[in-house]
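Q: 3D model of this:
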Amino acid sequence: MDFTLLLTVAVLVTGAIWLLELIWWRPARRGRLTASVEAGTTEGADPAAREKALKEPWPVEYARSFFPVLLVVLVLRSFVVEPFQIPSGSMRPTLEVGDFILVNKFAYGLRLPVLDTKVVDVGEPERGDVMVFRFPNDPSVDFIKRVVGLPGDRIRYEGKQLFVNGEPVPKTLLENGPESAPGERLLEEQLGEAPHPIYNNPRDPGPQMREITVPPGHYFTMGDNRDHSNDSRYWGFVPEQNIVGKAFAVWMHWNGGLPNFTSVRRIQ
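A: Model prediction:
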């Protein structure tokens with residue numbers, strides 16, 4: 001079930017109930033009470049009866065209480081920042097399974113909730129960004145990968161080496177992997193302004209990809225765990241309308257046991 005859709009429906013329903021209370025139901029109750037007072041009935045004369053007659057029905061009380069909270073949550077999630085949890089190791093070592101991240105929702109433009117229509121163009125993804133998007137083959141699933149190719153870029157991946165527009169992306173070896181993952185190597189790759197770590201395993205042949213050109217309005221993405229990532233090398237490009245936002249920070253790590261807040265950091 002789409003949480004944003006449920007949240008939007010809840011905001012609309014509670015807002016509609018509160019609005020009807022303000023412009024229709026409350027004036028109607030007051031009108032009936034005024035008529036009772038003028039007629040000299042028991043309801044008009046008894047203070048307890050008058051209070052009961054003016055009391056809001058329970059749906060109105062709940063709507064008045066929840067509408068502002070739900071509206072603030074919807075605005076924050078839709079236009080400012082949204083939390084996500086990392087479910088897989090495809091972005092290791094940058095992001096680990098159990099990391100809770102924050103995603104900037106306005107970095108690439110403001111979009112209407114549910115409809116995902118861009119209403120304000122703030123910026124576009126840059127090469128090297130860590131981006132959250134709806135998986136093109138199943139938009140109900142959110143993916144997180146690194147932006148490798150921009151519209152018009154020529155991308156090739158061969159022999160564990162990434163090429164962008166015919167040029168190999170610089171990378172340097174930092175250390176060999178642990179005994180639990182023999183052959184796995186930790187490298188630093190310079191893609192965009194900030195360098196970032198990646199994993200490669202020379203023993204794993206991995207995918208080979210001939211040069212392709214990223215079409216207009218689309219992006220090519222890859223996981224930092226290059227030999228264990230379901231990314232654009234397998235299923236193609238990310239359409240611009242599928243973009244959710246830019247991941248910019250890890251605020252908590254929780255993968256069972258107690259939450260760990262010592263891993264708070266910016267995402268490069």
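Q: Name the SS class of the residue lying closest to Leu76 once chain neighbours are set aside, please.
A: Excluding the flanking residues, the one nearest Leu76 by C-beta to C-beta, 6 or more residues apart in numbering is Glu82, at 7.8 Å. Quick note: C-beta positions are derived from backbone N, CA and C, even for glycine. Three-state call for Glu82 (DSSP: H, G, I helix; E, B strand; the rest coil): strand.
Q: My guess is Glu82 contacts Phe106. True?
A: No. In this structure Glu82 lies outside contact range of Phe106 using C-beta atoms under 8 Å: 10.8 Å.
Q: Pick out whichever of the two has more residues nearby.
A: Set Glu82 next to Phe106 and count neighbours by other C-beta atoms under 10 Å: Glu82 wins out with 19 against 16.
Q: one step back: what sits against the residue nearest to Leu76?
A: Leu76, Leu102, Val103, Lys105, Val244, Gly245 (C-beta atoms under 8 Å, 6 or more residues apart in numbering).
Q: Quick check: the two most widely separated of those?
A: Spatial extent of the contacts of Glu82 (C-beta to C-beta) is set by the pair Leu76 and Val244 at 14.3 Å.
Q: okay, the two: which has more neighbours?
A: Shown here are Leu76 and Val244; by other C-beta under 10 Å, Val244 has more neighbours (20 against 12).
Q: right, and the secondary structure at the more buried one would be what?
A: Per three-state DSSP, Val244 ends up strand.
Q: Name the residues linked to the closest residue to it other than its chain neighbours by a beta bridge.
A: Using C-beta to C-beta, 6+ apart and skipping residues adjacent in sequence, the residue nearest Val244 is Val132, 4.3 Å away. Beta-bridge partners for Val132, by DSSP bridges, are Ile144, Gly245.
Q: neighbours around Met137, how many?
A: I think there's a mix-up here, since residue 137 is Asn and not Met. Neighbours of Asn137 (other C-beta under 10 Å): 11.
Q: Phi and psi next, for the closest residue to it other than its chain neighbours.
A: Leaving out its chain neighbours, the residue that sits closest to Asn137 by C-beta to C-beta, 6+ apart is Trp235, at 5.8 Å. Phi and psi for Trp235, reported as degrees, to the nearest 10, are phi -120, psi 0.
Q: Give me the pLDDT for Trp235.
A: Trp235 carries a pLDDT value of 97.
Q: mind listing the strands for the stretch 151-268 of the chain?
A: Chain-ordered strands for the stretch 151-268 of the chain, with DSSP state E, counting those that start in this stretch as the definition, fall at 154-158, 161-164, 167-168, 171-176, 185-190, 195-200, 209-213, 218-222, 238-239, 243-253, 265-266.
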